[in-house]
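Q: Got a sequence here, can you build the structure:
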Amino acid sequence: MLPYFFEWDCISVHREVSLNRWHAVSSWTWDAQDETCGICRMAFDGCCPDCKLPGDDCPLIWGACNHAFHLHCILKWVNSQSAQAHCPMCRREWQFKE
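A: Alright, predicted model coming up:
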């Protein structure tokens, strides 16, 4: 039997770590069933054709039917309907979700 040169059970190492800088990164997405607007077919994480930059005062708007559209897209759609507006996806009477 060889003698033990190191007793690993009795060695404990304590090191201190100091945090000099912290750089947090986050990510977000819209909570929508689809990934694109049903009117303009642009991605929700991008921007609608009327906007220059994503998030340019053009949030997603949900209808009572749970379909989501860019704000500018659904407002144009509703204003272009001669009678009561309907959802462009399911044709239910359009009502903004509360």
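Q: Poorly predicted segments of this structure, please.
A: Low-confidence segments of the chain, defined by pLDDT under 70: 1-13, 26-33, 54-56.
Q: all helices in the chain, in order from the N-terminus.
A: 71-80 (DSSP state H).
Q: residues touching Phe96, list them.
A: 61-64 (CB atoms under 8 Å, 6 or more residues apart in numbering). For every residue, glycine as well, the C-beta is placed using N, CA and C.
Q: go again using 10 Å as the cut-off
A: 61-64, 74, 78 (CB atoms under 10 Å, 6 or more residues apart in numbering).
Q: wait, which of the residues you listed is closest to Pro88?
A: Ile74 (8.1 Å; CB to CB).
Q: Which parts of this protein are strands?
A: When secondary structure is read from DSSP state E, the chain shows strands at 60-62, 68-70.
Q: Mean neighbour count, these: which tops it?
A: strand 68-70 (a mean of 25; mean count of other CB atoms under 10 Å).
Q: What is that strand packed up against?
A: When contacts are defined as 3 or more CB pairs under 10 Å, 6 or more residues apart in numbering; DSSP states H and E, strand 68-70 packs onto strand 60-62, helix 71-80.
Q: Against Trp22, how distant is Arg15?
A: Arg15 is 19 Å from Trp22, where distance means CB to CB, to the nearest Å.
Q: and if you look at Cys73?
A: In terms of CB to CB, Cys73 sits 39 Å off from Trp22.
Q: Of the two, give the one with the bigger neighbour count.
A: Cys73 (22 against 5; other CB atoms under 10 Å).
Q: Find the nearest non-adjacent residue to the more buried one, please.
A: Using CB to CB, 6 or more residues apart in numbering and skipping residues adjacent in sequence, the residue nearest Cys73 is Ile39, 4.0 Å away.
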